[in-house]
Every structure is written in structure tokens, then in C-alpha cells.
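1. Requesting a structural model of the entry that follows:
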Amino acid sequence: MTSVDRSDAAQPHPHADLHTDHSHGGSTGGAPQGGWPAGPPGGYPVESDRFTRFVQRLHARTPRWVVPLAAVGCVAAGIGYTLLSDPTRSAPDALPTCLLKLTTGLDCPGCGGTRALWYVLHADLPAAARHHFLFVFALPFLAYLFIAWAGRQAFGWRLPELRVGPKLVGGFLAAWFAFSVIRNLPWPPFTALYV
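-> Residues are numbered from 1 along each chain as shown. Have a look, this model is predicted:
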């Protein structure tokens, strides 16, 4: 049997008040369960800077349709660039170009996406799918998600929501990775995917 020194058992722990605070429901660290009641530890209130206050005021005064309209403008600019540049007739090294393809000769995960969009806009789905099958597959879902989000933000529409969970996103990214590897294999029939 071993003897236990109990001389310091009666002494309170020097930081015992930090581990249990009975006045706030027994949470750890002296903070209540809902966070710090009056700012961060130390009791100093945090004042937001001028830029943060400006952004908050701008956000409060901006009509709700401005952000969806800006997003539509970005999409329209991308579509306009695709239609004007005609990526199906440009040289492989024309600017802007894919750095990975320029340096290694391999198709990157996004290679062929602009050409696929061009073919979609010209209603040639087989050619679009040949240039980037996953882009063509994902395009209707992305368009619906965008329309549902923009309609809800701008007009308060309540379209049925698509359930996009982590497993679905992970599965799509895994398929995209596999597609990116397969399209660079140098044997038939995989060479048909090379763009």
C-alpha cells in the first residue's frame, strides 16, 4: 500500500476560479455559455473602425436587388466574352491561356469549359459535352441554384430548394478529379477527351 501526500489536497487550485464559474451556469473559462456578456475578456469594448461602419451603413441602405443584379452582370460579362472571343477558333496559346496546359501540355480540370459554354450557347450539346462533360452536366443545376438565389434575394421568390449536402459535393469533386485524370491518359478511347 502506498501513502498519498494529502498536504496540497486541501489547498485550492490557483486557477480554480477560471475553470468553473457558478454564477454563469458552470461554464468553463469564466465566460457564460452564450459568449462574453460585455465584449472580449479584459472588459475593453471593441469599436468598429470607419470602414466597417461605412460597409454596414451601405449594406443597410442598399436595395436587396443590387447584389443579384451585380451577379447577373458578372455572368453576362462572362457570356459576352465567350461569344465575342469565340474560343473554338483561337490558337491554343492565345491569351488568356491555361498556365498548366501551356507549361505541361496537360488539360487542367477546367480546360475546355469556355469552349463548352460557347457550344452550349450555340445549342450544340454534343460538342459542348466533348469539350467538358462535367461542365455541361452541372450547368442546369448551377443555373437553377443561381436563379433560385437571385429570385429570393431580389423578389422574395420561394422556389423549391435543391439539397446540396457535403456527400454530394464530395462525390462531384471526386468525379471531377477522376475526369481530370482520365482525360489526360494517352490511350484510346481517353484521347477523345483531350482538348
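2. In this structure, what helix or strand scores lowest on average pLDDT?
-> One helix or strand of the chain scores below all others by mean pLDDT, DSSP states H and E: helix 16-19, with a mean of 45.
3. Any stretches of this protein with poor pLDDT?
-> Applying pLDDT under 70 to the chain flags the ranges 1-46, 90-96.
4. what are the ranges of the helices in this protein?
-> 16-19, 50-61, 66-85, 99-104, 113-121, 125-131, 133-155, 166-182 (DSSP state H).
5. could you dump these to JSON lines with mean neighbour count and distance to Thr191?
-> Bear in mind the C-beta positions are built from the backbone N, C-alpha and C, glycine included. Shown next, in JSON lines, are those (neighbours: other Cβ atoms under 10 Å; distance: least, Cβ to Cβ, whole Å):
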{"stretch": "helix 16-19", "mean neighbour count": "11", "distance to Thr191": "65"}
{"stretch": "helix 50-61", "mean neighbour count": "10", "distance to Thr191": "51"}
{"stretch": "helix 66-85", "mean neighbour count": "13", "distance to Thr191": "26"}
{"stretch": "helix 99-104", "mean neighbour count": "11", "distance to Thr191": "15"}
{"stretch": "helix 113-121", "mean neighbour count": "21", "distance to Thr191": "17"}
{"stretch": "helix 125-131", "mean neighbour count": "17", "distance to Thr191": "12"}
{"stretch": "helix 133-155", "mean neighbour count": "15", "distance to Thr191": "15"}
{"stretch": "helix 166-182", "mean neighbour count": "12", "distance to Thr191": "11"}
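6. Mind putting those helices into TSV with distance to Leu193?
-> Below are those laid out as TSV (distance: least, Cβ to Cβ, whole Å):
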stretch	distance to Leu193
helix 16-19	60
helix 50-61	45
helix 66-85	21
helix 99-104	14
helix 113-121	12
helix 125-131	8
helix 133-155	8
helix 166-182	7
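7. mind checking which of these is nearest Val195?
-> Closest of the helices of the chain to Val195 is helix 125-131, at 5.3 Å (criterion: Cβ to Cβ).
8. Can you tell me what sits against that closest one?
-> The contact list for helix 125-131, computed with Cβ atoms under 8 Å, 6 or more residues apart in numbering, reads 112-113, 115-120, 135-137, 192-193, 195.
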